[in-house]
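Visitor: Next input, structure requested:
(one chain, ligands or ions: 1)
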Amino acid sequence: MLLALTGFMGSGKTSVGRIVADALGCPFLDLDALIEKASERSIPEIFAADGEEGFRKLEARQLRSTVDKYAASTAVLSLGGGTVTVPGAIPLLQEKTLCIYLKATPESLAGHLEGNSSNRPLLQEGKLIENIRERLSGREKLYRDAAHIILETDGLSPEEIADEIIIDCL
Ligand code: S3P
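Guide: Down below sits the predicted model:
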C-alpha cells in the first residue's frame, strides 16, 4: 500500500511521513525532493525560471511516475501542498493510494510556517495568515476530495500524528 499524505504547507507532511516510514520500515518519498532531484534545481529556482505553471507540470509528471512505481509496494509519499490542484491528481490518489489529509487551522499552519517560509515561493507575498486563509479556502475541498481519511492535527506533535496514522488508519 502506498500511503500518501496531503495537506497545506506547514501541516507536517514531511516530518510525519518520515516518522511513519521509519516505523513501518519502508521507503519514504517526498514529492518536492523528487522534483528537485529530477530537475537538478531547487523549488524556488523552478518557480523563478518557469513560474507556478512550469512547476505544476513537473509536479504532475513526478506524481504520476512515483505513484506508478510504488502503488504496488509499501511506501510513504509526502505530497506538496498544491499537488491536489494538478489535473488528474485527485482520481490518481483516490484509486492508487491510501490518502490522508493532515487538516490544520490557518492559525496553526501560520505558527509552523512563521520564520520558515523562505523556501516556499507562494508564501512570499502579503501577510502570511491572510495568504494561508485565502489559499486554504480555495483548496480545502480538493484535499477532502483526494483523501480517504481526514486527520485533525491541531495541537498534535508530528510523533502524535504519526501514532494516530499507524494505530487508527493502517
Ligand atoms: C506548494 C507547496 C510546497 C511546494 C511548492 C508549492 C503549494 O510543498 O510543493 O512550494 O502550492 O502549496 P510543501 O507543502 O511541502 O511546503
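Visitor: hey, let's count contacts and neighbours off CA atoms from now on
Guide: Noted.
Visitor: count of residues packed around residue 162?
Guide: 23 (other Cα atoms under 10 Å).
Visitor: could you check the distance from it over to residue 135?
Guide: Distance, residue 162 to residue 135, by Cα to Cα, to the nearest Å: 25 Å.
Visitor: Also residue 15?
Guide: Remark: distance between residue 15 and residue 135 (Cα to Cα) = 22 Å.
Visitor: what packs against the helix or strand harbouring residue 14?
Guide: Secondary structure from DSSP states H and E places residue 14 in helix 13-24. In terms of contacts (3 or more Cα pairs under 8 Å, 6 or more residues apart in numbering; DSSP states H and E), helix 13-24 is packed against strand 2-6, strand 28-30, strand 75-78, helix 158-164.
Visitor: let's see 7 Å
Guide: When contacts are defined as 3 or more Cα pairs under 7 Å, 6 or more residues apart in numbering; DSSP states H and E, helix 13-24 packs onto strand 28-30, strand 75-78, helix 158-164.
Visitor: List the residues that contact residue 37.
Guide: Not one residue lies near residue 37 by Cα atoms under 7 Å, 6 or more residues apart in numbering.
Visitor: So it: helix, strand or coil?
Guide: For residue 37, the assignment made with DSSP: H, G, I helix; E, B strand; the rest coil gives helix.
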